[in-house]
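J.: for reference, the sequence and a predicted model appear below.
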Amino acid sequence: MADKVKTMPDGWHSVTPFLSVTDAARAVEFYRDALGATELERMAEPDGKVNHAVLKIGDSIVRLSDDSSKHAAEWVAKGWSRSPRSLGGTPVHFYVYVEDSDAVFKRAIGAGATEMEPVIDKEWGDRMGALTDPFGHIWLIATHKRDVPLEDVKKIRAGVSGATK
């Protein structure tokens, strides 16, 4: 009897973002250079458009495809797949934990990202900065520096005297 197939492949998590971008081949390069992504697979169409690619960033998997690929055309027609650039922005942000948020943020800016908020220490214990990648996706790059109880964060945000950052 054959072994039962796993409902989730090894190395994957329950939720996997699938990004729609303009120029997915360039996006793969950007994510490699800026975020240290590893390309696990790519299915290209005859015209060079990326039908889909699978990247690993840290311990997480991200899929992406060209918003104008033949594969994506069916989804676009249904209103399922549009890049942030085609929509004029995105309501989705990716919060990414890294070993050194300052270094990764600087590398991403050097690779073509745009700073939205500089890397600073946040009241909840992360050192984080926000950027937009060249394809319109928003990334929050963070390193967890200290554990802060939720009640303390609430006090800090409320401006309660004696709360420490």
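T.: In hand now; what should we look at?

J.: can you pull out the strands in this protein?
T.: 18-21, 38-44, 50-57, 60-66, 93-97, 114-121, 126-132, 138-144 (DSSP state E).

J.: these into CSV, with extra columns for mean neighbour count, distance to R107 and mean pLDDT?
T.: Every residue, glycine included, has its C-beta placed from N, CA and C. Listed next are the strands of the chain as CSV, based on neighbours: other Cβ atoms under 10 Å; distance: least, Cβ to Cβ, whole Å; pLDDT from 0 to 100:
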stretch, mean neighbour count, distance to R107, mean pLDDT
strand 18-21, 24, 19, 92
strand 38-44, 13, 15, 96
strand 50-57, 19, 13, 95
strand 60-66, 21, 17, 94
strand 93-97, 15, 12, 96
strand 114-121, 14, 12, 98
strand 126-132, 20, 11, 98
strand 138-144, 21, 10, 97
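
J.: any chance of the ones you listed in a markdown table, plus distance to A158?
T.: Output for the strands of the chain, formatted as a markdown table (distance: least, Cβ to Cβ, whole Å):
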| stretch | distance to A158 |
| --- | --- |
| strand 18-21 | 36 |
| strand 38-44 | 42 |
| strand 50-57 | 35 |
| strand 60-66 | 33 |
| strand 93-97 | 23 |
| strand 114-121 | 19 |
| strand 126-132 | 19 |
| strand 138-144 | 23 |
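
J.: out of the ones you listed, which is closest to K78?
T.: strand 18-21 (12.5 Å; Cβ to Cβ).

J.: tell me the buried residues in stretch 25-38?
T.: Within stretch 25-38, the residues scored as buried using 16 or more other Cβ atoms under 10 Å are 27-28, 30-31, 34-35, 37.

J.: in helices, which of these appear?
T.: Among the buried residues of stretch 25-38, the ones falling in helices (DSSP state H) are 27-28, 30-31, 34-35.

J.: closest one of the residues you listed to A53?
T.: Minimum distance to A53 across those is 5.5 Å, recorded for V28 (Cβ to Cβ).
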